[in-house]
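K.L.:
Have a look; sequence and predicted model below, questions after that.
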Amino acid sequence: MTGYNLRGMWTLYRHEMARAIRTSGQSIVAPVLTTALYFVVFGTAIGSRMATVGTVDYGAFIVPGLIMMSVLTQSISNASLAIYFPKFTGTVYEILSAPLGYGEALVAYVGAAATKSVIIGLIILATAFFFVDLHIVHPVAMLGFLVLTAVTFSLMGFIIGVWAGNFEQLGFVPMLVVTPLTFLGGAFYAVDMLPEPWRTVTLFNPVVYLISGFRWAFFGQGDVPVLLSLGMTGLFMVAAIAAIAWIFRTGYRIKP
Amino acid sequence: MTNILSVQGLHKTYKSGVVALHPTDLDVRKGEIFALLGPNGAGKTTLISLICGLVMPSGGHVAVGGQDHVKRFRDARRLIGLVPQEMNVDIFTTPMRAVRLTRGLFGKKPDDAYLEQLLRDLSLWDKRDARLIELSGGMKRRVLIAKALSHEPEVLFLDEPTAGVDVELRRDMWKLVHRLRERGVTIILTTHYIEEAEEMADRVGVINKGRLLLVDDKDALMARMGKRQLIVTLQSPLAALPASLDRPGLALGGEGTTLTYSFDSHAGDTGIADLMRALQAEGIAFSDLDARRSSLEDIFVDLVAEDRSRAA
Ligand SMILES: Nc1ncnc2c1ncn2[C@@H]1O[C@H](COP(=O)(O)OP(=O)(O)OP(=O)(O)O)[C@@H](O)[C@H]1O
Ligand SMILES: [Mg+2]
């Protein structure tokens, strides 16, 4: 009887997805609208003066960054809320008392959060085709980066959700850390457009590697080599998993 | 195997430093109704939460159905249903979705016929698609019970099932508990009330300040604890107890206006009839009669005193 509780994991995953589908209006319309606004303001207004970055049309150039920005924030907010809310209402007792391994619970929560943000990422991509001419050089790698980023940031969201003691803290990290890092991560410019020392400082921003890798998948060139992007993303993921393993082992803020 | 639950040396000190449970041993027999009796803060919820995996143990072992609750937690937890003390519900879900979720989380195949019967038994069928926010407190509590039973557990934990529940729901709850017992489900419940333990349980564990003071068959316990007091309010005060009234357990108090008679309610002859006759013979008139059961507080005082004298 021991084995794994795959049915339990699948049930939790579906439960999380169902919740998102019931509120799909909010969860999809908002990011799509925001992104459309970005296209209008940055792509059209600014782009008309900037024409191209390297060989790429500016309107197209910002697409990977815009998608990444939504995927990062969505992953974090989806995953953090998914674990924070049951903690807040007390319904987490049900997950803790179920015959569900930590890995199983994590796959369900993070999997659902990542699925949602990948879907939103793809919807934004579809929206982008309405505004700009896009040709994706490495579509499979593009999808791979999208999924990898969604999973990594959902893991980080999960940590934030466990750590947060109130709703302010829940909103704090995405607002004060992720959004600035994304803005400064090259969503709207190429890193080598910056003067020194900012160009070097930027290389300490983890989001640079994500956006760069993603941009490479779109246009065949990024700010840093694609393998470095891949390696860094993998590193964040491993760090997040290690932190979560520690959380589960010690019961940190989940089990008194 | 006769013990469905076996707890050994289980203890818990919270991060705040509160020792909520001192090292505790407890065996619960398969198919029995076991009541954990204790006042607020005794450690009842802590003990249950440790067993169910909601609280990190500071030490000790638990086996459910012979399965270690850490090494083989999946097998152990599959057997357990938990109705928490707090009203921990997702107010946006519906009773039907709630029971399906729990059943799935416990790895059980969907069985809508079983879930329908369950919701009908708990008078929730008509409300199966209503959001919980629209349900009354008693209904929400029933949803929690339905969730705990949705995966057909062998052991059901009921943490204060009757707190804040009206008489009717309380009666329904008793019926449900007895029906479950007939099906062979072991039930472990917590309560503040001796009456409740007496009415429901086969065995009772008395817990106070994180210590399980004793575990005994209900009848044996009630015989020990079953002291009652008869309080007689006199019409006019007495200066002293007349010799004809003098007997063990009778005391004059309230400045001569009350007689307090302590007796054993489980004894064949409680001595009440005799006392009444003696009062009549002395021509002592009384204005009121009141009977009291020894309170939980009295019992703890007794038990702790007993504990001390045994230790001494
Ligand atoms: N999460 C926690 N952190 C710190 N202390 C706790 C925690 N939960 C309970 N305690 C403390 O542990 C002790 C036992 O509490 P517990 O909830 O187990 O009592 P109880 O017997 O269930 O009481 P009640 O009848 O009021 O439900 C109390 O002193 C309580 O304050
Ligand atoms: Mg309690």
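P.N.:
Now that the structure is in, tell me what you want to look at. Ligands and ions are numbered 1, 2, ... in the order given.
K.L.:
Enumerate every residue touching whatever residue of the stretch 101-250 of chain A ends up closest to ligand 1.
P.N.:
For the stretch 101-250 of chain A, the residue closest to ligand 1 is residue A:165, as judged by C-beta to the nearest ligand atom, at 13.6 Å. C-beta here means a position set from N, CA and C on the backbone, and glycine is covered the same way. Residue A:165 makes contacts with residue A:253, as judged by C-beta atoms under 8 Å, 6 or more residues apart in numbering or on different chains.
K.L.:
distance of residue A:88 from residue A:80?
P.N.:
Distance, residue A:88 to residue A:80, by C-beta to C-beta, to the nearest Å: 11 Å.
K.L.:
Let me know whether my guess that the residue of the stretch 101-250 of chain A closest to ligand 1 is in a strand holds.
P.N.:
No. Applying DSSP: H, G, I helix; E, B strand; the rest coil, one finds residue A:165 to be coil, outside a strand.
K.L.:
Now do the contacts for residue A:208.
P.N.:
A:185, A:186, A:191, A:202, A:223, A:224.
K.L.:
where do the strands sit along the stretch 1-150 of chain A?
P.N.:
Applying DSSP state E, counting those that start in this stretch to the stretch 1-150 of chain A gives strands spanning A:52-53, A:56-57.
K.L.:
and these, which is most packed in?
P.N.:
strand A:56-57 (a mean of 18; mean count of other C-beta atoms under 10 Å in any protein chain shown).
K.L.:
Quick check: neighbours of that strand in the sheet, parallel or antiparallel?
P.N.:
strand A:52-53 (antiparallel) (DSSP bridges).
K.L.:
first to last residue in stretch B:125-141, what's the distance?
P.N.:
This stretch, stretch B:125-141, spans 14 Å end to end (C-alpha to C-alpha, to the nearest Å).
K.L.:
OK, contacts around residue A:31?
P.N.:
Going by C-beta under 8 Å, 6+ apart, residue A:31 touches A:70, A:74, A:120, A:123, A:124.
K.L.:
one more time with 10 Å
P.N.:
Shown in contact with residue A:31 (C-beta atoms under 10 Å, 6 or more residues apart in numbering or on different chains): A:66-67, A:69-71, A:73-74, A:117, A:120-121, A:123-124, A:127.
K.L.:
Kindly format the C-alpha coordinates of stretch A:229-243 as PDB.
P.N.:
This file holds the C-alpha atoms of stretch A:229-243, laid out as PDB (Å, rounded to 0.1, in the frame of the first residue of the first chain):
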ATOM      1  CA  SER A 229      21.200  31.400 -19.000                       C
ATOM      2  CA  LEU A 230      20.300  27.800 -18.700                       C
ATOM      3  CA  GLY A 231      22.800  27.200 -16.000                       C
ATOM      4  CA  MET A 232      21.800  30.100 -13.900                       C
ATOM      5  CA  THR A 233      18.100  29.200 -14.200                       C
ATOM      6  CA  GLY A 234      18.900  25.700 -13.100                       C
ATOM      7  CA  LEU A 235      20.900  27.100 -10.200                       C
ATOM      8  CA  PHE A 236      17.900  29.200  -9.000                       C
ATOM      9  CA  MET A 237      15.700  26.200  -9.200                       C
ATOM     10  CA  VAL A 238      18.100  24.000  -7.200                       C
ATOM     11  CA  ALA A 239      18.400  26.700  -4.600                       C
ATOM     12  CA  ALA A 240      14.600  27.000  -4.300                       C
ATOM     13  CA  ILE A 241      14.200  23.300  -4.000                       C
ATOM     14  CA  ALA A 242      16.800  23.100  -1.300                       C
ATOM     15  CA  ALA A 243      15.100  25.900   0.700                       C
END
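K.L.:
Contacts made by it with the rest, please.
P.N.:
Residues outside stretch A:229-243 that contact it (C-beta under 10 Å, 6+ apart) are A:103, A:106, A:110, A:141, A:144-145, A:148-149, A:151-159, A:162-163, A:206-217, A:222-225, A:252.
K.L.:
could you flag which of those are buried?
P.N.:
Listed as buried from those are A:106, A:110, A:141, A:144-145, A:148-149, A:151-159, A:162-163, A:207-217, A:222-224; burial here means 16 or more other C-beta atoms under 10 Å in any protein chain shown.
K.L.:
Where strands are concerned, which of the residues you listed count?
P.N.:
Residues from the buried ones among the contacts of stretch A:229-243 lying in strands, with DSSP state E as the criterion: none.
K.L.:
ok, which of these also contact ligand 1?
P.N.:
For ligand 1, no contacts are drawn from those by C-beta under 6 Å from any ligand atom.
K.L.:
Who are the contact partners of the most centrally placed residue in chain B?
P.N.:
Central residue of chain B (C-alpha atoms, centre = their mean): residue B:191, 3.0 Å from the mean position. Residue B:191 makes contact with B:35-38, B:44, B:158-163, B:197-201, B:204, B:296, according to C-beta under 10 Å, 6+ apart.
K.L.:
Equivalent analysis for residue A:11, please.
P.N.:
Listed by C-beta under 10 Å, 6+ apart, the contact set of residue A:11 reads A:5, A:98, A:100, A:108, B:100-108, B:110.
K.L.:
now those: which count as buried?
P.N.:
Going by neighbour count (16+ other C-beta under 10 Å), these have A:5, A:98, A:100, A:108, B:100-108 buried.
K.L.:
re earlier: can I get the strands of the stretch 1-150 of chain A in TSV with mean pLDDT and distance to ligand 1?
P.N.:
Putting the strands of the stretch 1-150 of chain A into TSV (pLDDT from 0 to 100; distance: least, C-beta to the nearest ligand atom, whole Å) gives the following:
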stretch	mean pLDDT	distance to ligand 1
strand A:52-53	70	54
strand A:56-57	77	55
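K.L.:
can I get these in CSV with distance to residue B:242?
P.N.:
What follows is the strands of the stretch 1-150 of chain A, written out as CSV (distance: least, C-beta to C-beta, whole Å):
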stretch, distance to residue B:242
strand A:52-53, 110
strand A:56-57, 111
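K.L.:
State the distance from the residue in the stretch 201-312 of chain B that chain A sits nearest to to ligand 2.
P.N.:
Proximity of the stretch 201-312 of chain B to chain A (C-beta to the nearest C-beta) peaks at residue B:210, 14.8 Å away. The gap separating residue B:210 from ligand 2 is 12 Å, by C-beta to the ion, to the nearest Å.
K.L.:
and that residue, how many neighbours?
P.N.:
By the measure other C-beta atoms under 10 Å in any protein chain shown, the count of residues near residue B:210 is 21.
K.L.:
Then the one 10 residues further on?
P.N.:
By the other C-beta under 10 Å criterion, the neighbourhood of residue B:220 contains 12 residues.
K.L.:
and if you look at residue B:258?
P.N.:
18.
K.L.:
what does residue A:86 give?
P.N.:
Look at residue A:86: counted by other C-beta under 10 Å, it has 20 neighbours.
K.L.:
cool, and residue B:198?
P.N.:
19.
K.L.:
And the pLDDT at it?
P.N.:
We note a pLDDT of 80 for residue B:198 in this prediction.
K.L.:
quick one, what contacts it?
P.N.:
B:35, B:37, B:191, B:204, B:218, B:219, B:221, B:222, B:225, B:226, B:293.
K.L.:
tell me which element it falls in.
P.N.:
Under the criterion of DSSP states H and E, residue B:198 resides in helix B:194-200.
K.L.:
Nearest spatial neighbour of residue B:116, chain-adjacent residues omitted?
P.N.:
In space, residue B:116 comes closest to residue B:125 once its chain neighbours are excluded; the distance is 6.8 Å by C-beta to C-beta, 6 or more residues apart in numbering or on different chains.
K.L.:
What distance do you get for the one you found to residue B:75?
P.N.:
32 Å.
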